[in-house]
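Participant: Predicted model, plus sequence, below.
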Amino acid sequence: MSINNIRLGFVGDLKSYHSDNIIKLFKSINKEIYPLDYSLSNENSIYNIYNNFYLNSKSKYLRRFYRVYSQLFGVKDSNYEKILKDYIKRYQVDCILAFWGINAIADIISIKKIRPQTKVILNILCHPTGLTPSKVFLQNKFLHLSAKYCDALVYSSNVMKQYIERNVLRNIKKPYLILPPFFSQDYFPDKRLPPCSCTPNLVFLGRMDWWAGQPSDNVLSQIESFMNCGIHVYHSDKTGRLPFNEFRHTFKPMSLLELKNFATQFDASLIIYNLRECRSHDRFRVTIPDRLTASVIFGIPVAIPRDGYDACKEFLKDYDAVIEFSSPHELNKKLSNHEYLINLKNSACVNSQKYIGERHLNSLYDFILATVKETI
């Protein structure tokens with residue numbers, strides 16, 4: 001049996017970079033993946049289409065109740081169940097790739113109850129997502145209770161593996177693969193732009209619509225501290241009007257494919273979150289964010305705080321183009337060292353090729369085969 005003989009399904013947010021990326025990766029071997037279009041983890045779909053009492057209720061407490069209920073017992077919705085049964089009957093998938101963390105649990109449980117022989121591999125890209133000890137505890141508990149529905153797990157780092165085994169699985173043993181979230185070669189730059197004329201500089205690829213995310217996404221004060229010490233910072237203009245600063249530069253929001261050449265002109269990509277607003281920092285020790293994965297495949301140096309971000313630093317161990325800092329002034333001093341920065345940029349350009357996803361897929365193919373063969 002080969003990977004091409006296995007029918008693969010996909011559960012996750014179809015508008016996320018992760019679904020687009022996994023489809024691009026498997027296209028490299030002309031492998032088709034069958035997505036579950038109407039899933040609870042694809043909120044833009046099920047929330048807008050179904051007239052479920054709980055999902056469309058104006059009461060946030062009822063919506064929360066239904067989400068918790070679904071993550072414990074599966075989705076109890078007649079429309080959803082009909083579409084899920086049709087999906088399973090039509091594609092007869094041997095294995096489901098589920099992304100990411102507890103977001104896909106409700107779908108996983110529902111699939112397993114209808115077709116238990118379908119194997120499920122959960123790729124835990126981001127866990128936990130909570131910023132308080134209570135939310136982290138509950139998310140760990142949900143993942144623990146649902147582990148019996150997952151046949152295998154994919155971790156993005158050793159840091160995540162150790163965290164999940166200690167805080168989630170505990171005495172539960174599951175087959176696992178450690179596979180960082182590499183992006184497809186489609187996101188590798190086609191050309192490299194001349195260096196930005198405003199130096200020293202940083203590009204921030206994170207979200208600037210902080211009000212639509214979590215408190216950790218509001219990094220306006222941190223960005224301002226870099227500007228105030230003489231670093232030019234380029235970021236998305238999604239925030240709207242901000243106080244004038246001669247060191248602030250904005251660009252229109254772009255997709256990753258649009259960013260891949262644009263980002264190559266900058267001295268470094270800034271990886272930072274507002275940890276002062278978080279009572280729990282677990283997420284930022286365990287998860288490798290998209291902004292870092294993108295920065296690496298774009299081939300630009302990475303500027304990251306010296307403390308914390310353990311999984312990120314594990315991901316960067318072969319990159320050799322990392323600037324750790326404890327203060328904006330320290331970062332400014334390093335960025336202003338011309339010879340040092342040239343060496344970093346050269347290293348980033350060369351080593352970014354190690355992070356192209358297609359070069360790491362054989363381990364995933366073998367893992368899928370081993371997981372499916374357990375039923376034969």
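Facilitator: That came in fine, so what should we check first? Not measured: the values here are computed from a predicted model.
Participant: Quick check: phi and psi at residue 96.
Facilitator: Note on residue 96: backbone dihedrals following degrees, to the nearest 10 are phi -100, psi 130.
Participant: Going along the chain, name the helices of the stretch 151-300 of the chain.
Facilitator: Counting by DSSP state H, counting those that start in this stretch, one finds helices in the stretch 151-300 of the chain at the ranges 158-164, 220-228, 256-262, 282-286, 290-298.
Participant: Contacts only, for residue 123.
Facilitator: Going by CB atoms under 8 Å, 6 or more residues apart in numbering, residue 123 touches 18, 97, 98, 99, 100, 153, 154, 179. For every residue, glycine as well, the C-beta is placed using N, CA and C.
Participant: mind checking pLDDT for the first one?
Facilitator: The predicted local distance difference test score for residue 18 is 82.
Participant: Same question for the second one.
Facilitator: You'll see residue 97 listed with a pLDDT of 95.
Participant: circling back: just name the most buried of the helices of the stretch 151-300 of the chain.
Facilitator: Using mean count of other CB atoms under 10 Å, the stretch among the helices of the stretch 151-300 of the chain with the greatest mean number of neighbours is helix 290-298 (a mean of 24).
Participant: Check which helices and strands that helix sits against.
Facilitator: Other helices and strands packing on helix 290-298, by 3 or more CB pairs under 8 Å, 6 or more residues apart in numbering; DSSP states H and E, are helix 256-262, strand 269-270, strand 302-305, helix 310-315.
Participant: Residue 278 is nearest to which of these?
Facilitator: Ranking these by proximity to residue 278 (CB to CB) places strand 302-305 first, at 13.6 Å.
Participant: returning to that earlier point: please render the helices and strands packed on helix 290-298 as a markdown table that adds mean pLDDT to the earlier fields.
Facilitator: Listed next are the helices and strands packed on helix 290-298 as a markdown table, based on pLDDT from 0 to 100:
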| stretch | mean pLDDT |
| --- | --- |
| helix 256-262 | 95 |
| strand 269-270 | 98 |
| strand 302-305 | 98 |
| helix 310-315 | 98 |
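Participant: could you dump these to a markdown table with distance to residue 29?
Facilitator: Shown next, in a markdown table, are these (distance: least, CB to CB, whole Å):
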| stretch | distance to residue 29 |
| --- | --- |
| helix 256-262 | 21 |
| strand 269-270 | 30 |
| strand 302-305 | 30 |
| helix 310-315 | 25 |
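Participant: Looking at those, spot the one closest to residue 239.
Facilitator: strand 269-270 (15.3 Å).
Participant: hmm, back to that, nearest to residue 206, of the contacts of residue 123?
Facilitator: Checking these against residue 206 with CB to CB, the nearest one is residue 18 at 16.5 Å.
Participant: Pretty sure that closest one sits against residue 181.
Facilitator: Yes. Proximity of residue 18 to residue 181 meets the contact threshold set by CB atoms under 8 Å, at 7.5 Å.
Participant: so of the contacts of residue 123, which ones are in strands?
Facilitator: 97, 98, 99, 153, 154 (DSSP state E).
Participant: hmm, back to that, residue 18 and residue 181: which is more packed in?
Facilitator: A direct count of neighbours by other CB atoms under 10 Å for residue 18 and residue 181 places residue 181 higher, at 25 against 22.
Participant: ok, the more buried one touching residue 291?
Facilitator: No. Checked against CB under 8 Å, the pair residue 181 and residue 291 is beyond contact range at 11.5 Å.
Participant: thinking again about what came up before, most surrounded residue in the contacts of residue 123?
Facilitator: Neighbour max across the contacts of residue 123 (other CB under 10 Å) = residue 98, 28 neighbours.
Participant: Now do the contacts for that residue.
Facilitator: Residue 98 sits in contact with 10, 11, 12, 41, 104, 107, 108, 120, 121, 122, 123, 150, where contact means CB under 8 Å, 6+ apart.
Participant: Hmm, which of those is lowest in pLDDT?
Facilitator: For the contacts of residue 98, the pLDDT minimum is residue 41, 77.
Participant: now that residue: how far from residue 190?
Facilitator: 32 Å (CB to CB, to the nearest Å).
Participant: which of these two has more neighbours?
Facilitator: Shown here are residue 41 and residue 190; by other CB under 10 Å, residue 41 has more neighbours (23 against 8).
Participant: where's the more buried one, which helix or strand?
Facilitator: Under DSSP states H and E, no helix or strand contains residue 41.
Participant: and of the helices and strands packed on helix 290-298, who's closest to residue 334?
Facilitator: It's strand 302-305; of the helices and strands packed on helix 290-298, that one is closest to residue 334 (CB to CB) at 8.2 Å.
Participant: ok, the closest one: who's next to it in the sheet?
Facilitator: Strand pairing for strand 302-305, using DSSP bridges, gives strand 269-270 (parallel), strand 322-325 (parallel).
Participant: Return the most buried member of the ones you listed.
Facilitator: strand 269-270 (a mean of 26).
Participant: Show me the contact partners of it.
Facilitator: With CB under 8 Å, 6+ apart as the criterion, strand 269-270 contacts 202-206, 223, 226, 233, 263, 291-292, 294-295, 298, 300-303.
Participant: how distant is it from the center of its chain?
Facilitator: Strand 269-270 sits 17 Å away from the centroid of its parent chain (CA atoms, centre = their mean, to the nearest Å).
Participant: go on, stretch 96-110?
Facilitator: Relative to its chain's centre, stretch 96-110 lies at 15 Å (CA atoms, centre = their mean).
Participant: That stretch: end-to-end distance?
Facilitator: 12 Å (CA to CA, to the nearest Å).
Participant: now stretch 220-235
Facilitator: Criterion CA to CA; first-to-last residue distance in stretch 220-235 is 10 Å.
Participant: List just the nearest of the contacts of residue 98 to residue 35.
Facilitator: Taking CB to CB as the measure, residue 35 lies nearest residue 10 of those, at 4.4 Å.
Participant: Doesn't the closest one belong to a strand?
Facilitator: Yes. Counting by DSSP: H, G, I helix; E, B strand; the rest coil, one finds residue 10 located in a strand.
Participant: Since that was my last question, I'll sign off now.
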